[in-house]
Structures are given as structure tokens and as C-alpha cells.
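>>> Quick one: sequence plus predicted model below, questions after.
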Amino acid sequence: MNRGGVCCIAVALIVGAGPVVAADEISRTEMAAIPAGAFLMGSNDGPDDERPAHQVSVAAFEIERLPVTTARFAEFLNAVGTHNKNGERLFDDDDLDARIHKAGTRWSADRGFENHPVVEVSWPGARDYCTWRKRRLPTEAEWEKAARGTDGRKYPWGNTPPDRTRGQFAARFNDTAPVDVFHAGASPYGVYDMAGNAWEWVSSAYRPYPYNANDGREDLKAGPVRATRGGGHDSPAEAITTTQRGRDLSRNPRAGHHNIGFRCAR
């Protein structure tokens with residue numbers, strides 16, 4: 001079994017998706033259980049980097065129902081700082097788009113943005129935060145199964161085109177929204193904010209499909225460009241599908257970006 005518990009197989013069996021969790025049961029620390037089994041990854045109808053659609057089997061795992069918020073990441077900065085022991089930058093605190101700032105000796109989220117998805121976090125910063133929480137980044141396959149389920153849906157909620165009740169998209173630059181308001185946009189497993197608001201770093205290097213967890217793309221050493229999933233607040237509707245990989249997105253992994261956040265798995 002590889003690190004993420006994922007391998008590629010050719011199978012026909014598809015397991016059923018779990019129930020959606022009611023909105024009032026969501027908490028920032030709650031994890032959604034994703035069952036083991038096969039699902040359809042990728043698409044033959046989208047950009048070239050989503051092709052070919054192929055069956056992937058994923059071991060059982062858990063993923064956070066909500067993205068990491070600015071308030072949560074501020075706690076990490078207070079414990080760890082902005083650089084790790086290898087000198088890798090974890091957060092672009094000097095970027096004008098950052099919404100966490102230091103007052104005296106303490107980092108804190110900007111007022112009004114405490115519950116927004118954290119942005120300006122580098123890929124090493126996302127990786128290290130998850131480790132600090134005794135978790136890890138989801139693989140690209142895990143993220144897609146958590147968002148898509150096993151019925152090949154285009155969006156986390158199904159195939160109905162997106163609207164403003166399901167996610168934050170096609171908005172102004174830096175116009176993110178709180179992470180827990182789009183209840184109609186839940187995935188089959190009750191995972192929220194997987195379409196729009198902020199793209200999400202995953203552990204996987206950005207490599208061509210078919211997905212293969214054993215071909216080196218899950219090496220966690222910083223360096224290669226990583227895949228990002230889900231679309232951001234400033235993405236058009238066609239970029240917030242469950243199969244989008246951030247093909248045209250600026251995503252230098254050593255830096256933070258105004259529209260990339262993350263969530264953890266285990």
C-alpha cells in the first residue's frame with residue numbers, strides 16, 4: 001500500500017456514496033469518512049490534463065469537512081513561525097493579499113476574515129500545517145473522490161450548473177467568503193467548499209494521468225509543481241468542477257497565492 005492508500009486498477013464495481021451531513025452538524029475540526037473503493041477519476045470532456053477518465057481505487061480515509069481558515073493557520077504560525085527548519089517559507093506574510101498579520105509577538109487573522117479560507121500559504125506551509133495537526137494533505141485522487149463520490153458527477157452536488165447558493169465563484173479579486181455558508185454545495189460525503197472560494201493544494205505533483213500513486217508523484221519533498229483542486233473565488237464556473245486540476249493557475253509551490261488554500265486528511 002502506498003502512502004496515500006491509493007492505486008490504479010481496472011474495475012467495474014462502484015460503491016455507493018455516503019449521506020450528506022446536515023449543516024448544523026458541521027464543525028471546523030470534524031472529519032468526513034470516505035469509504036474504500038473505486039471511483040471514476042478525470043474526464044474525457046474537459047481539458048487535456050483531465051484525460052483520460054480512469055478507474056482508481058482509494059483506501060478508506062478521512063478528510064476535513066471545511067478548508068483550513070485564517071484563524072486556524074494563525075495558530076500554526078504562532079507555534080511554528082513563517083519558515084521551517086529547512087528554510088522553506090510557509091506563508092507569504094508580506095504579500096498585500098495576506099489576511100494574517102502580526103501584532104506585537106502574536107499572529108492573528110484580520111478582523112472579519114477569521115472564518116475565510118486561508119490563502120498565501122505555500123505548498124510546504126500546507127504540508128507542514130497538516131503534519132502539525134497530526135494529519136496530512138489529501139492525495140489528488142482522495143480529494144477528487146471526496147468531492148465527486150462514485151457516480152461521476154461534474155460538481156460536488158451533482159450535475160446542476162453552479163449558482164450562488166453552492167459556492168463562491170466568478171467573484172472579484174480577493175473576494176473570498178466564509179467556509180461554512182454554502183450548504184447546498186456539499187459533496188456526497190458532506191464535505192463543503194470543494195467548488196470555488198479557494199483552490200486547494202493536494203499532496204500530488206502535477207503529472208499526467210492516469211493517476212498512479214507509486215510513480216513518485218506522492219514524494220513529499222518540496223520542489224515539483226503540485227496539483228490544485230476545486231477552483232477559487234475568482235474562477236469561472238467551468239473551472240470549479242470536480243475534475244479541474246488548476247491547469248492555467250499560477251501556483252509556484254514555494255510561494256503563497258491569493259486564491260489557493262487547503263484542507264487536511266488522515
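Noted; the coordinates are in hand.
>>> what about the strands in the stretch 51-200 of the chain?
54-58, 61-64, 100-103, 106-109, 199-205 (DSSP state E, counting those that start in this stretch).
>>> partners of the first one in the sheet?
Strand 54-58 has the following sheet partners, assigned by DSSP bridges: strand 6-8 (antiparallel), strand 37-41 (antiparallel).
>>> Of the strands of the stretch 51-200 of the chain, flag the one that's most buried.
strand 199-205 (a mean of 26; mean count of other Cβ atoms under 10 Å). Backbone N, C-alpha and C define where each C-beta goes, glycine included.
>>> and that strand, what other elements does it pack with?
Packed against strand 199-205 by the contact rule (3 or more Cβ pairs under 8 Å, 6 or more residues apart in numbering; DSSP states H and E) you find helix 123-132, helix 140-148, strand 226-229, strand 260-261.
>>> What mean pLDDT does the first one get?
Taken as a whole, helix 123-132 has a mean pLDDT of 98.
>>> Could you do stretch 191-198 as well?
The model assigns stretch 191-198 a mean pLDDT of 98.
>>> From the structure, what's the count of residues near the nearest residue to F113 once chain neighbours are set aside?
Leaving aside its chain neighbours, F113 sits nearest to R99 (4.4 Å; criterion: Cβ to Cβ, 6 or more residues apart in numbering). Neighbours of R99 under the rule other Cβ atoms under 10 Å: 24.
>>> shouldn't R99 be in contact with R111?
No: if you go by Cβ atoms under 8 Å, R99 and R111 don't touch, sitting 9.7 Å apart.
>>> check contacts around D110.
70, 99-101 (Cβ atoms under 8 Å, 6 or more residues apart in numbering).
>>> swap in E62?
Per Cβ under 8 Å, 6+ apart, neighbours of E62: 31-34, 265-266.
>>> From the residues you listed, pick the one nearest K154.
Nearest to K154 out of these is I34 (Cβ to Cβ; 18.9 Å).
>>> can you pull the buried residues of stretch 172-189?
If you call a residue buried by 16 or more other Cβ atoms under 10 Å, then stretch 172-189 has these buried ones: 176-189.
>>> and those, which of them are in helices?
Of these, none are assigned to helices by DSSP state H.
>>> Quick check: which of those residues has the minimum pLDDT.
Minimum pLDDT across the buried residues of stretch 172-189 falls on D180, with 91.
>>> close enough to count as contact, that one and L66?
Yes: at 5.9 Å, D180 counts as touching L66 under the criterion of Cβ under 8 Å.
>>> any low-confidence regions in the stretch 51-200 of the chain?
Scanning the stretch 51-200 of the chain for pLDDT under 70 picks out nothing.
>>> dump the residue contacts of G223.
P253.
>>> Now do the same for it: helix, strand or coil?
Per DSSP: H, G, I helix; E, B strand; the rest coil, the local secondary structure of G223 is coil.
>>> measure it to T82 for me?
20 Å (Cβ to Cβ, to the nearest Å).
>>> Compare the mean pLDDT across the strands paired with strand 54-58 and name the weakest.
strand 6-8 (a mean of 44).
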